[in-house]
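# Next comes the sequence, and after it the predicted model I'd like to discuss.
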Amino acid sequence: MRGATHAKWAACATAVVLTAAACGGGDGGGSGGGSAVLSSSWGDPQNPLEPSNTNEVQGGKVLDMIFRGLKKYDPRTGEARNMLAERIETSDSVDFTITVKDGWTFSNGEKVTAKSFVDAWNYGAALKNNQRNAYFFSYIEGYDEVHPESGEQRAETLSGLRITGERTFTVRLGQKFSSFPDTLGYNAFVPLPRAFFDDHDAWLAEPVGNGPYIVESYQKGSRMSLRTRDDYPGEDKARNGGVDLKVYTDNNTAYTDLQAGNLDLVDDIPAARLKNVEGDLGDRYINTPAGIIQTLSFPFYDKNWSKEGMDKVRKGISRAIDREQITETIFQRTRTPATDWTSPVLGADGGFKAGLCAQFCEYDPAAARKLVAQGGGLPGGRMTITYNADTGSHRDWVDAVCNSINKALGKDRACVGNPVGTFADYRNRIHGLKMTGPFRAGWQMDYPLIQNFLQPLYYMDASSNDGKWSSPEFDRLVDEANAESDNAAAIEKFQRAEKVLRDDMGAIPLWYQNGSAGYSERLSNVALNPFSVPVYNEITVG
């Protein structure tokens, strides 16, 4: 998810705590039985909180707190359940009729209607608005007119969207997509109030959503303060008075603050603390499977990494990485060596295929050297792995990966880490196509479907295809899978597409990531959802 834009927050940045009416669009205070506020570690999002322009984790955490969509993913199972959707009906997986529940409002009092969704989706899809998540609307008929691959925008709205009543609208897709309703819990699909369109700059300064929290203030580089919403109509009311998201550029500092009683919740335990975390926190340490995979992506827009033979080099690099040793020594088994490009949380019935990458993901120095040599060697004889240094203990594992590669290839400093100071700067470099070698590319699922681990990342020009890998065969199989009404047949075609990705090593899978967190004695009912995000609204304080 993602600075003239940062200046938009200036109205809320002059103080850490402002009244909710000034910066949240509603009343602050306690809701659901608790008025105490908790503090949690966080990192600045890349961009202001436009739902269709946010496709990274830090911004996504906030959107999950201030918005609710047609669907919501169960915080324990990941199942897509109706939230604002009263009904989603279809007879052919092309035409859908959606009825929005009555009684929902935004925090400024405006009613949530069918128009709230249709206007938001049309905005997100439009080429002129340059939204990161525009691609998620590409399934809807008319997308090629509002977001053409070349030339100017030819239509203002998606022809496949039609309002049929105050609480009903229809969606016509460009092809069959039987799982389309299950995607509608993703933040790109949330509704937006008229204030977003009437005064866009003002909305960016004072975001108004329809969720259980409101943004009270945001001071970039310091904190974002959210407070619970008294008039929230949903069943998932907040059980606390709010959350102060405190910005850290080093999660070791966040962990130290947790131990010192200066912070209530850390949702990413630093690798250096994993050996002692159970002794430090006891049962206040959480380690649970999550729909997250860490990979190495490559800049396929750089001819040095896309020329003939480089598929062998990429496979050789993969075989030079000792995943077992790294996950054990660096991550204390809070990571599991990856053997495919999805996640075990999907289960075999959901498309996870253990061992799909076995031939190219098993550590074998001799095979690694042979493959790299066959492919013409590392470009210029060396490579860098670029990563953001502010979150995620990335320095530790990148150094370990490079040490493994150097040892396997028998070349000192053939691989070195290339840190970028902040996550926002890192993402800006990626979007600017400025990478000259492999770079870290962790993926946290948007929704629990095999499609989400493949299409957004590797389909040509997809929203999160940061390396610009492409394959017509992969795209064809994904299209066919989406058109299948039978779930098993769809999964089989997605897995065939995944094999195409494997055979070209379009990205190197490293490991599946557990969600890890630690919390203070002040908190109870702390849990991570399958996306590895704290279920903030269920946390109680005191």
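Cool, got the structure.
# In the stretch 201-350 of the chain, where is pLDDT below threshold?
Along the stretch 201-350 of the chain, no part satisfies pLDDT under 70.
# same deal with the chain?
In the chain, residues with pLDDT under 70: 1-33, 391-392.
# Which positions within the helix ranked longest in the chain qualify as buried?
Selection of the longest helix in the chain by residue count, based on DSSP state H, yields helix 487-504. Buried positions in helix 487-504, judged by neighbour count with 16 or more other Cβ atoms under 10 Å: 490-491, 493-498, 500-502, 504. Every C-beta, even on glycine, is put in place using the N, C-alpha and C of the backbone.
# After that helix, which helix or strand is next? Please name it.
Downstream of helix 487-504, the first helix or strand assigned by DSSP states H and E is strand 507-519.
# Which other helices and strands does the next helix or strand after that next one contact?
Next in sequence after strand 507-519, counting helices and strands by DSSP H and E, comes strand 523-524. Counting contacts by 3 or more Cβ pairs under 8 Å, 6 or more residues apart in numbering; DSSP states H and E, strand 523-524 packs against strand 540-541.
# For the strand it packs on, give me every contacting residue.
For strand 540-541, the external contacting residues (Cβ atoms under 8 Å, 6 or more residues apart in numbering) are 33-34, 36-38, 239-241, 264, 522-525.
# Can you pick out the most distant pair from those?
With Cβ to Cβ as the measure, no two of those lie farther apart than Gly33 and Asp264, at 17.7 Å.
# neighbour-wise, which of those two wins?
Using other Cβ atoms under 10 Å as the criterion, Gly33 and Asp264 rank with Asp264 on top: 26 against 10.
# and Asp172, that one's in a strand?
In this structure residue 172 is Arg, not Asp. Yes. Membership of Arg172 in a strand is supported by DSSP: H, G, I helix; E, B strand; the rest coil.
# which residues in the stretch 101-250 of the chain form helices?
Counting by DSSP state H, counting those that start in this stretch, the stretch 101-250 of the chain has these helices, from start to end: 114-125, 143-146, 194-198, 200-205.
# Run through who's touching the first one.
Under the criterion Cβ under 8 Å, 6+ apart, residues 51-53, 70, 98, 100, 106, 129, 131, 133-134, 136-138, 140, 143, 146-147, 156-158, 161-169, 188-193, 196-197 lie in contact with helix 114-125.
# ranges for the strands of the stretch 251-400 of the chain?
265-266, 285-297, 335-337, 383-388 (DSSP state E, counting those that start in this stretch).
# thinking again about what came up before, just the buried members of the contacts of helix 114-125?
Neighbour-count burial (16+ other Cβ under 10 Å) applied to the contacts of helix 114-125 gives 51-53, 70, 98, 100, 106, 129, 131, 133-134, 136-138, 140, 143, 146-147, 157-158, 161, 167-169, 188-193, 196.
# and the strand or helix carrying Arg429, which residues are buried?
Under DSSP H and E, the secondary-structure element containing Arg429 is helix 423-431. In terms of neighbour count (16+ other Cβ under 10 Å), helix 423-431 has its buried residues at 423-424, 426-428, 430.
# can you check stretch 197-206 too?
Per 16+ other Cβ under 10 Å, stretch 197-206 contains these buried residues: 203-206.
# Show the buried residues in the contacts of strand 540-541.
34, 37-38, 239-241, 264, 523.
# Now intersect the residues you listed with the strands, please.
If you go by DSSP state E, the buried ones among the contacts of strand 540-541 have 37-38, 523 in strands.
# The closest residue in space to Pro438 that isn't next to it in sequence and Phe439, how far apart?
Among residues not flanking Pro438 along the chain, Leu296 sits closest, at 4.6 Å (Cβ to Cβ, 6 or more residues apart in numbering). To Phe439, Leu296 is 7 Å away according to Cβ to Cβ, to the nearest Å.
# what sits in contact with each of these two?
Contact criterion Cβ under 8 Å, 6+ apart; residues shared by Leu296 and Phe439: Ile385.
# before we move on, the earlier item: which one of the buried residues of helix 423-431 is nearest Asp399?
Tyr426 (16.9 Å).
# can I assume that closest one is in contact with Asn418?
No. Taking contacts as Cβ atoms under 8 Å, Tyr426 lies outside contact range of Asn418: 10.3 Å.
# Assumed Thr99 was part of a helix.
No. Under three-state DSSP, Thr99 sits outside any helix and is assigned strand.
# so how many other residues sit close to it?
18.
# isn't it right up against Thr164?
No. Under the criterion of Cβ under 8 Å, Thr99 makes no contact with Thr164, lying 9.6 Å away.
# just to revisit the earlier point, how about the buried residues of stretch 197-206 in a markdown table, adding distance to Thr327?
Converted to a markdown table, those look like this (distance: Cβ to Cβ, whole Å):
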| residue | distance to Thr327 |
| --- | --- |
| Trp203 | 43 |
| Leu204 | 40 |
| Ala205 | 43 |
| Glu206 | 44 |
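# Trp397: which of these is nearest?
Closest to Trp397 out of the buried residues of stretch 197-206 is Leu204 (35.1 Å), distances taken as Cβ to Cβ.
# ok, so what distance separates the closest one from Lys493?
For Leu204, the distance to Lys493 - Cβ to Cβ - is 41 Å.
# from the strands of the stretch 251-400 of the chain, which stretch is densest packed?
Among the strands of the stretch 251-400 of the chain, the stretch with the highest mean neighbour count (mean count of other Cβ atoms under 10 Å) is strand 265-266, at a mean of 27.
# Identify all contacting residues around it.
Under the contact criterion Cβ under 8 Å, 6+ apart, strand 265-266 has outside partners 38-41, 251, 254-255, 258, 517-520, 523, 526, 534, 539.
# Arg81 touches Lys72, doesn't it?
Yes. Arg81 lies in contact with Lys72 (Cβ under 8 Å); the separation is 5.9 Å.
# Give me the more crowded residue out of the two.
Under the criterion of other Cβ under 10 Å, the comparison of Arg81 against Lys72 puts Lys72 first, with 19 against 12.
# can you confirm the more buried one is in a strand?
Yes. Counting by three-state DSSP, Lys72 falls inside a strand.
# Count the neighbours of the closest residue to it other than its chain neighbours for me.
The shortest distance from Lys72 to any non-neighbouring residue, by Cβ to Cβ, 6+ apart, is to Met83 (4.0 Å). Using other Cβ under 10 Å, Met83 has 21 other residues around it.
# dump the residue contacts of Met83.
Residues near Met83 by Cβ under 8 Å, 6+ apart: 68-72, 185, 234.
# now do Lys72
80-83, 185, 236.
# if I look at the residue lying closest to Asp302 once chain neighbours are set aside, how far off is Asn482?
For Asp302, ignoring the flanking residues on the chain, the nearest one in space by Cβ to Cβ, 6+ apart is Thr436 at 6.0 Å. As judged by Cβ to Cβ, Thr436 and Asn482 stand 34 Å apart.
# Looking only at neighbour counts, state which of these two leads.
Asn482 (21 against 15).
# excluding its backbone neighbours, what's nearest the more buried one?
Phe177 (4.8 Å).
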